[in-house]
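Trainee: Let me see the structure of the following:
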Amino acid sequence: MSRLDTLVKHLSAALGEKIADTKVALGEVTIVVPAAEHLEAARILRDDERLRFEQLIDLCGVDYRDYGHGAWSGSRFAVVMHLLSVTHNWRLRVRTFCPDDDLPVVASVTSVWASAGWFEREAFDLFGIVFEGHADLRRILTDYGFVGHPFRKDFPITGHVEMRYDPEQRRVVYQPVTIEPREIVPRVIREEGYAQGR
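Mentor: Okay, the predicted model is just below:
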């Protein structure tokens, strides 16, 4: 039995029906956990002796809008965690889909891994995913007055407002975006003899 098969067996034994789906691809194991089981599954993944995922390496948000060229029919937002077991020397990816696309909410795992604090703030800031139970859920990368969530696929590339320093007012001011939309066509230069490989 390979190490990945052993990990899948232990995951199934420890989490049981808390796992909605398991995939093994490219030497990695990914499990899908329902939002209602997100926090409890995290505790089990950390504390079960067969698993011992002591470290949360990364946590991020994902927007599945238009995924697979529009073929995706599942929930729009997901939280993905990458875990490491130093004890057993294996890794795991855990994906949890937020049940409500209009207000994506999932439980915070800061009580399980303290390192989740800033990762969850980033996912909140960039995707608008709310982490229930997070003690300090506020923006971390964008400005406090920023409107929207810039990593959502329906967020305009130019944004809604721009800010600049106004020397007359001697402060930063916000104004509507002044970037003119334009299409850039690359210029192709063909040198003589290009086709012959010279």
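
Trainee: Please, where are all the helices along this protein?
Mentor: Secondary structure of the chain by DSSP state H: the helices cover 3-15, 38-47, 116-127.

Trainee: possible to save those helices as CSV with mean pLDDT?
Mentor: What follows is those, written out as CSV (pLDDT from 0 to 100):
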stretch, mean pLDDT
helix 3-15, 94
helix 38-47, 97
helix 116-127, 97
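
Trainee: so of those, which one's packed in deepest?
Mentor: Stretch with highest mean neighbour count among those: helix 116-127 (a mean of 21; mean count of other CB atoms under 10 Å). Backbone N, C-alpha and C define where each C-beta goes, glycine included.

Trainee: Now do that helix: which elements does it pack against?
Mentor: Counting contacts by 3 or more CB pairs under 8 Å, 6 or more residues apart in numbering; DSSP states H and E, helix 116-127 is packed against strand 55-63, strand 130-132.

Trainee: want to throw those into CSV with mean neighbour count and mean pLDDT?
Mentor: As requested, those are exported to CSV (neighbours: other CB atoms under 10 Å; pLDDT from 0 to 100):
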stretch, mean neighbour count, mean pLDDT
strand 55-63, 18, 97
strand 130-132, 18, 97
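
Trainee: do you know which of those strands lies nearest residue 151?
Mentor: Among those, strand 55-63 comes nearest to residue 151, with 6.6 Å by CB to CB.

Trainee: Which of the helices and strands packed on helix 116-127 sits closest to residue 81?
Mentor: It's strand 55-63; of the helices and strands packed on helix 116-127, that one is closest to residue 81 (CB to CB) at 4.9 Å.

Trainee: What is that closest one packed up against?
Mentor: Strand 55-63 is packed against strand 77-85, helix 116-127, with contacts defined by 3+ CB pairs under 8 Å, 6+ apart.
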